[in-house]
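Asker: Provide a 3D model corresponding to the input given below.
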Amino acid sequence: MPSYRFPGAGGRPDATAQKALQKRQANVTLTPFNPEALGKPWGYSNGMLAAPGHQLFVAGQIAWGPDQEIVSDDFAEQFGRALANVLTVVEAAGGKAEHVARLLIFVTSKAEYLADTKAVGRQYREVLGKHYPAMSLVEVKSLLDPRAKVEIEATAVLP
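Answerer: Next up is the predicted model:
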């Protein structure tokens with residue numbers, strides 16, 4: 001677990017809600033869906049088949065800490081923090097990393113993303129482990145916070 005993760009404004013579910021959510025965990029499955037016609041993808045899934053559950057849509061998260069300031073100017077660290085912020089929202093709603101079905105990753109520089117894919121990969125595995133949902137990467141001119149280099153949206157299917 002990354003050392004920089006923090007509970008979101010909504011915090012974790014209380015003990016009663018957490019117990020109810022754990023009972024329902026077994027009812028949610030996400031299965032990678034990769035049609036043979038597209039070949040086997042590397043590092044992501046073409047789709048995620050979900051059954052049954054509640055959809056959680058996570059707004060674009062950047063590398064803000066609790067004070068809503070960018071935590072680092074390093075690209076890989078921003079990626080890891082933005083992803084950890086996504087997971088904080090998912091966990092506060094009672095989910096886990098494996099409930100993330102889709103990630104939409106916005107970067108201000110595709111070149112900077114590709115320059116250190118090993119560090120980005122380490123950050124990814126530290127936060128989400130070996131769970132590879134459907135993902136897209138989009139290069140944009142800028143993000144709302146001028147220091148932000150990465151913004152990540154997510155969809156999760158929760159029990």
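
Asker: next structured bit after the least confident helix or strand in the chain by mean pLDDT?
Answerer: One helix or strand of the chain scores below all others by mean pLDDT, DSSP states H and E: helix 15-24, with a mean of 63. Once helix 15-24 ends, the next helix or strand along the chain (criterion: DSSP states H and E) is strand 29-33.

Asker: Direction included, what does that next one pair against?
Answerer: Partner strands for strand 29-33, per DSSP bridges, with pairing direction: strand 47-51 (antiparallel).

Asker: Would you tell me what the next helix or strand after the partner strand is?
Answerer: strand 54-61.

Asker: what mean pLDDT would you report for the following helix or strand past that next one?
Answerer: Scanning forward in sequence from strand 54-61 by DSSP H and E, the next helix or strand is helix 75-92. Across helix 75-92, pLDDT averages out at 95.

Asker: in its sheet, what does the helix or strand just after helix 75-92 sit against?
Answerer: Next along the chain after helix 75-92, taking DSSP H and E as the criterion, comes strand 100-107. Here strand 100-107 has these sheet partners by DSSP bridges: strand 134-139 (parallel), strand 150-158 (antiparallel).

Asker: what about the residue sitting furthest away from the middle of the chain, distance to residue 136?
Answerer: What lies farthest from the middle of the chain is residue 37; by CA atoms, centre = their mean that is 27.1 Å. As judged by CB to CB, to the nearest Å, residue 37 and residue 136 stand 19 Å apart. In this view, the C-beta of every residue, glycine as well, is placed from N, C-alpha and C.

Asker: Verify the stated contact: residue 50 with residue 30.
Answerer: Yes. At 5.4 Å, residue 50 and residue 30 qualify as touching, with contact defined as CB atoms under 8 Å.

Asker: Determine the residues that are contacts of both of those two.
Answerer: Counting by CB atoms under 8 Å, 6 or more residues apart in numbering, the contacts common to residue 50 and residue 30 are 101, 157.

Asker: Hmm, residue 100 is touching residue 132, no?
Answerer: No. Assessed by CB under 8 Å, residue 100 is found out of contact with residue 132, at 9.7 Å.
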